[in-house]
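1. Below is the sequence, then the predicted model.
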Amino acid sequence: GAVVSQHPSWVICKSGTSVKIECRSLDFQATTMFWYRQFPKQSLMLMATSNEGSKATYEQGVEKDKFLINHASLTLSTLTVTSAHPEDSSFYICSASRGAGASGEQFFGPGTRLTVL
Amino acid sequence: RKEVEQDPGPFNVPEGATVAFNCTYSNSASQSFFWYRQDCRKEPKLLMSVYSSGNEDGRFTAQLNRASQYISLLIRDSKLSDSATYLCVVNIGSWGKLQFGAGTQVVVTP
């Protein structure tokens, strides 16, 4: 159990376009989902925390108007990179938590590799 | 100063040998600690949680020193399949916010 999927697994797009990434918890309901970004040889950086039915909480320095997050159900959260530019090229990973608070183990999706030309 | 710091390595380890490395964290209010493993271009996978008393899972032993704010991971009898980047991860508050170190690369050689 506790499988998280992401779609697409990779995407190449032109500068200025928007890209939507889906994160799904396949066999459990996720009260909280997290979106991370990882540049080569760097650590995962938390971008935002998404709770079902409420607005996402963004980390400092992450533009909420550029990275739109929608957590419409307990099994789906989406991240839309609006007007993508080459510097947005990165590995985007979501995770889903079954429980609330510090005790909720996080399960990671396989990641989406975004390349903006 | 980074919230979670790790020696990036690489640690080149002969097969069968033991390797150990540490991670330091800056937030004294951190509540829980983990080691994750990340293979190249893949998502992180939980290796083990780290408890105050220290814990062992097969060939892997994790230790937590809250006073000095560091966590360690020891791998015994290294296998080629242990080659990966090991991420030190700290839970920094409520709602499960995790802070990741940049990882320590381990390369096990035949």
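-> Done, it's in. Residues are numbered from 1 along each chain as shown, chains lettered A, B, ... in the order given.
2. Could you point out the helix or strand that follows the least confident helix or strand in chain B by mean pLDDT?
-> The least trusted helix or strand in chain B, going by mean pLDDT, DSSP states H and E, turns out to be strand B:98-100, with a mean of 89. Moving toward the C-terminus from strand B:98-100, the next helix or strand (DSSP states H and E) is strand B:104-109.
3. That next one pairs with which strands?
-> strand B:11-14 (parallel), strand B:84-91 (antiparallel) (DSSP bridges).
4. nearest to residue A:95, of these?
-> Nearest of the strands paired with strand B:104-109 to residue A:95, taken as Cβ to Cβ: strand B:84-91 at 10.9 Å. For glycine as for every other residue, the C-beta is placed from the backbone atoms N, C-alpha and C.
5. next one: that closest one to chain centre, how far?
-> 5 Å (Cα atoms, centre = their mean, to the nearest Å).
6. that older thread, let me have the strands paired with strand B:104-109 in CSV, adding distance to residue B:58, mean neighbour count and mean pLDDT as columns.
-> CSV is the format used below for those (distance: least, Cβ to Cβ, whole Å; neighbours: other Cβ atoms under 10 Å in any protein chain shown; pLDDT from 0 to 100):
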stretch, distance to residue B:58, mean neighbour count, mean pLDDT
strand B:11-14, 17, 15, 96
strand B:84-91, 15, 24, 94
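7. Just send the ones you listed back as TSV, with distance to residue A:94 too.
-> Below are the strands paired with strand B:104-109 laid out as TSV (distance: least, Cβ to Cβ, whole Å):
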stretch	distance to residue A:94
strand B:11-14	30
strand B:84-91	16
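8. if we look at stretch A:65-72, which residues are touching it?
-> A:33, A:35, A:47-48, A:50-54, A:56, A:58, A:77-83 (Cβ atoms under 8 Å, 6 or more residues apart in numbering or on different chains).
9. Just give the nearest non-adjacent residue to residue A:23, would you?
-> Excluding its sequence neighbours, the residue lying closest to residue A:23 (Cβ to Cβ, 6 or more residues apart in numbering or on different chains) is residue A:94, at 3.4 Å.
10. Quick one: distance of the helix or strand hosting the one you found to the chain centre.
-> Per DSSP H and E, residue A:94 falls inside strand A:90-97. The chain centre lies 5 Å from the centre of strand A:90-97; the measure is Cα atoms, centre = their mean.
11. Right, I'll call it a day here.
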